[in-house]
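Visitor: Provided below are the primary sequence and the corresponding predicted coordinates.
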Amino acid sequence: MDIRAEVRLPTEELRDDIPFYTQTLKMRMDMIYPADDPTVAVFSGHGLRLRIEKGAPEGPGTIRILTDDPEGFAEGARSLVAPNGTRVEIDELNPPLVLPKVQHSFVVRRLADQAPWVIGRAGMHYRDLVPDRLGGAMIASHIRIPDGGPVPDMVHYHKVGFQLIFCVNGWVDVLYEDQGGMRRLNAGDCFIQPPEIRHRVCEASDDLQVIEIGVPADHVTEIDHEMDLPTLFDRPDREWDGQRFVHNLAEGAEWADFRLSGFVCRDTTIAANTKDVAGVQVIRRGDGSPQWARHDADIHFTFVMKGTMVLEGEGREPFALEAGDAFVIPPGMKTRYAEPSADIEMLEVTLPGAFKTKVTDQ
């Protein structure tokens, strides 16, 4: 069965439009009629089929043409108006990833504040953990799937600088490009999804909950209709934009002293596998008393997974925190993780992975 689709656009004089669409926009004219006084012409090109029709009732609309050489297309013009009134925008096919400058702020987001859950991609529920997104520099989402089972997902990828998926509760099965068969993420495990690695979420448990960190906040998700997963090859050492895929497991992990007294941590190897683009630590209660300290990380995000604590900040009222709460500490701000419960467990994500911390007096 042969099927074609056309977009119809109006015109007042078709003869004026033909050179614009064929020469300026480099489209092919496939049809024109009637021969003695043409009123309809059909053009195709760049994945588009246009029917330009005299007296058509539609508005002239806008066409966006994406090319890897915008300066060489239409003599470098980025905005044109066709004789029939249609606006034409010419832009980059693969624009470079722009990482906005971080707008530092002290952020505390409490689960008890009942921030709305919204329905996002593939029917997942999203809760925004950093509303100001630090000026667009990052997004932190608490994502859940209340009812488990197959996930209506497609093979896709994200145009990002960094992306973390950390499982807080339940489990989820995901297929990744060149990483063998199905990968199961259990509570306490995490994935680093390098820029543009193809993947597909397949199935989830009831009450799946994950924390997803993306840099920058606004990034494009594209569907790959050509790739089937799993792929034929298992290439664990492959890099995407200098980063490797990481599947870090909580089971059997080694714990060591944290950089601040009173806590221990386990390293998820994220810093090593992203070449210090980011670092991810899981923090628990340890020996000693919590200390006041400052850091110089550009982004310093923490999510409370279990237990309770009091976040004390220079010039701020103390915040009593519990599971589901999150906070961002700007560089140079003096803080202390006071009164941690014995079962406290926190997820810390920093950009870059290596930064300095200075213990200080109150």
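Guide: Sure thing, it's come through.
Visitor: walk me through the domains of the protein.
Guide: 7-92, 107-248, 256-359 (automatic domain parsing).
Visitor: dump the ones you listed to JSON lines, plus distance to P100 and mean pLDDT.
Guide: C-betas here are computed from N, CA, C, even on glycine. Shown next, in JSON lines, are the domains of the chain (distance: least, C-beta to C-beta, whole Å; pLDDT from 0 to 100):
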{"stretch": "domain 7-92", "distance to P100": "18", "mean pLDDT": "95"}
{"stretch": "domain 107-248", "distance to P100": "4", "mean pLDDT": "93"}
{"stretch": "domain 256-359", "distance to P100": "11", "mean pLDDT": "96"}
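Visitor: including mean neighbour count, could these go into a markdown table?
Guide: Below are the domains of the chain laid out as a markdown table (neighbours: other C-beta atoms under 10 Å):
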| stretch | mean neighbour count |
| --- | --- |
| domain 7-92 | 15 |
| domain 107-248 | 17 |
| domain 256-359 | 18 |
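Visitor: how about those in a markdown table, adding distance to V98?
Guide: Listed next are the domains of the chain as a markdown table, based on distance: least, C-beta to C-beta, whole Å:
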| stretch | distance to V98 |
| --- | --- |
| domain 7-92 | 11 |
| domain 107-248 | 7 |
| domain 256-359 | 16 |
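Visitor: which one of those lies nearest to L99?
Guide: domain 107-248 (5.4 Å; C-beta to C-beta).
Visitor: C202 contacts P152, doesn't it?
Guide: No. Using C-beta atoms under 8 Å, C202 is not in contact with P152; the gap is 10.3 Å.
Visitor: what's the nearest residue to F106 if we skip its chain neighbours?
Guide: Residue nearest to F106 in three dimensions, not counting chain neighbours: P330, with 5.7 Å by C-beta to C-beta, 6 or more residues apart in numbering.
Visitor: name the SS class of I18, please.
Guide: helix (DSSP: H, G, I helix; E, B strand; the rest coil).
Visitor: list the residues that contact it.
Guide: Applying C-beta atoms under 8 Å, 6 or more residues apart in numbering to I18 gives the contacts 29, 32, 41.
Visitor: same thing with F106?
Guide: Applying C-beta under 8 Å, 6+ apart, the residues near F106 are 313, 316, 327-330, 333.
Visitor: mind doing that once more with 10 Å?
Guide: 311, 313-316, 319, 327-330, 333, 335 (C-beta atoms under 10 Å, 6 or more residues apart in numbering).
Visitor: next one: E177
Guide: Taking C-beta under 10 Å, 6+ apart, one finds 155, 157, 194, 196-200, 224, 227, 229-231, 233, 235, 238, 240, 245 in contact with E177.
Visitor: just say helix, strand or coil for E75.
Guide: E75 is classified as helix under three-state DSSP.
Visitor: now do L185
Guide: From three-state DSSP, the assignment for L185 is strand.
Visitor: so what's it up against?
Guide: Here L185 is in contact with 165-167, 170-174, 191, 201, 204, 208, 210, 247-249 (C-beta under 10 Å, 6+ apart).
Visitor: which residues pair with it across the strands?
Guide: V172 (DSSP bridges).
Visitor: all helices for the chain, in order.
Guide: 14-19, 270-273 (DSSP state H).
Visitor: just the CA trace of the last one, in PDB.
Guide: Listed in PDB are the C-alpha atoms of helix 270-273, where the atom choice follows Å, rounded to 0.1, in the frame of the first residue of the first chain:
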ATOM      1  CA  ILE A 270      31.400   7.700  38.500                       C
ATOM      2  CA  ALA A 271      34.300  10.200  38.800                       C
ATOM      3  CA  ALA A 272      36.800   7.800  37.300                       C
ATOM      4  CA  ASN A 273      34.500   6.700  34.500                       C
END
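Visitor: which helices and strands does that helix pack with?
Guide: Applying 3 or more C-beta pairs under 10 Å, 6 or more residues apart in numbering; DSSP states H and E, we find helix 270-273 packed against strand 190-192, strand 243-244, strand 246-248, strand 279-285, strand 345-351.
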